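1. The following block contains a protein sequence and its predicted model.
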Amino acid sequence: MTDNDKNIGAGQFSDEFRAGLLDLMHWRRDVRHFRRDAVPQQILDDCLATFSLAPSVGLSQPWRLVQIKSDAARQGALKNFQHANAEALKGYEGEKACLYAGLKLTGMQDAPVQIAVFCDETTEQGAGLGAQSMPEMRRYSVVSAIMQFWLAARAHGLGLGWVSILDAPALCQTLEVPQDWALVAYLCIGWPQDDKEQPELEQLGWEYRRELPPLETR
């Protein structure tokens, strides 16, 4: 944000700011190749602070974070991924199976910071506003907060990888979290080995990106 941006009202950002924001979104991607260099605590704290700025249904702030530091917890999470990944591979055949088997789908072996993000499904904060008819809104709120954290991490030069190939109930048991917490994300965070303009799954031809979302009219 420039000095000029600081002095203007909400919704009146400069062309330079908007261009920078789009550039940040362009360089947000799922990172799986990390250097093992430590992440300074102040940078991590600055990024984590963006959770408090995120929207949440009824201002419930249902996100709960667990940093995975011990060797036992990290090995448990890694073994969970390896088992789930082997099961996922069985769902593909032929060329797709070969391509899947060659993908690096986690940075859990190298990422210096690893955080599991949960949704507290029974939080009393927010008094149930907006979640009585759609309780899934609490999880959507957690996802929104993760995206803000992701962009903040990228703005600091950090990479983030969201590991989704997991047995969530088993990981909750491994990490001994309360029964009412649902796993939303397992995040690997650190300095990326390199920054390539095209995301890895596009480079390898796994799938192709749409420029605009499908938009229907009713």
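-> Thanks, I have the structure now.

2. Only C-alpha atoms from now on, for both contacts and neighbour counts.
-> Noted.

3. any idea where the helices of the protein begin and end?
-> 3-6, 15-27, 41-48, 71-89, 94-102, 137-155, 168-175, 200-203 (DSSP state H).

4. Just give me the longest strand of the protein.
-> Scanning the chain for the strand with the most residues, using DSSP state E, yields strand 181-190.

5. Was I right to think Ser164 contacts Cys188?
-> No. Assessed by C-alpha atoms under 8 Å, Ser164 is found out of contact with Cys188, at 11.1 Å.

6. Compare these two (neighbour count), which wins?
-> Neighbour totals were compared for Ser164 and Cys188, and Cys188 leads with 27 against 17 (other C-alpha atoms under 10 Å).

7. who's in contact with that one?
-> Taking C-alpha atoms under 8 Å, 6 or more residues apart in numbering, we find Cys188 in contact with 32, 106-108, 111-115, 160-163.

8. try 10 Å
-> Cys188 is in contact with 30-34, 68, 106-116, 159-163, counting by C-alpha atoms under 10 Å, 6 or more residues apart in numbering.

9. What subset of those residues is buried?
-> 30-34, 68, 106-108, 110-116, 159-163 (16 or more other C-alpha atoms under 10 Å).

10. Okay, and which of these map to strands?
-> Among those, the members falling in strands (DSSP E) are Val113, Gln114, Ile115, Ala116, Gly159, Leu160, Gly161, Trp162, Val163.

11. now, which of those sits nearest Glu16?
-> Set against Glu16, the nearest of those by C-alpha to C-alpha is Gly159 (23.8 Å).

12. doesn't Lys196 make contact with the closest one?
-> No. Between Gly159 and Lys196 there is no contact under C-alpha atoms under 10 Å: 11.8 Å.

13. If we ignore the residues flanking it in sequence, what's nearest Ala155?
-> Leu24 (6.8 Å; C-alpha to C-alpha, 6 or more residues apart in numbering).

14. Show the contacting residues for that neighbour.
-> Each residue near Leu24 by C-alpha under 10 Å, 6+ apart is listed here: Arg18, Leu151, Ala152, Arg154, Ala155.

15. Would you report the backbone torsion angles of the nearest residue to the second one once chain neighbours are set aside?
-> With C-alpha to C-alpha, 6+ apart as the measure, Arg28 is the residue that lies nearest to Leu151, at 6.5 Å, once sequence neighbours are left out. Per-residue torsions, Arg28: phi -70, psi 120 (degrees, to the nearest 10).

16. which residues does Arg28 contact?
-> By C-alpha under 10 Å, 6+ apart, Arg28 lies in contact with Leu22, Met147, Trp150, Leu151, Ala152, Ala153, Arg154, Ala155, Leu158, Gly159, Leu160, Pro199.
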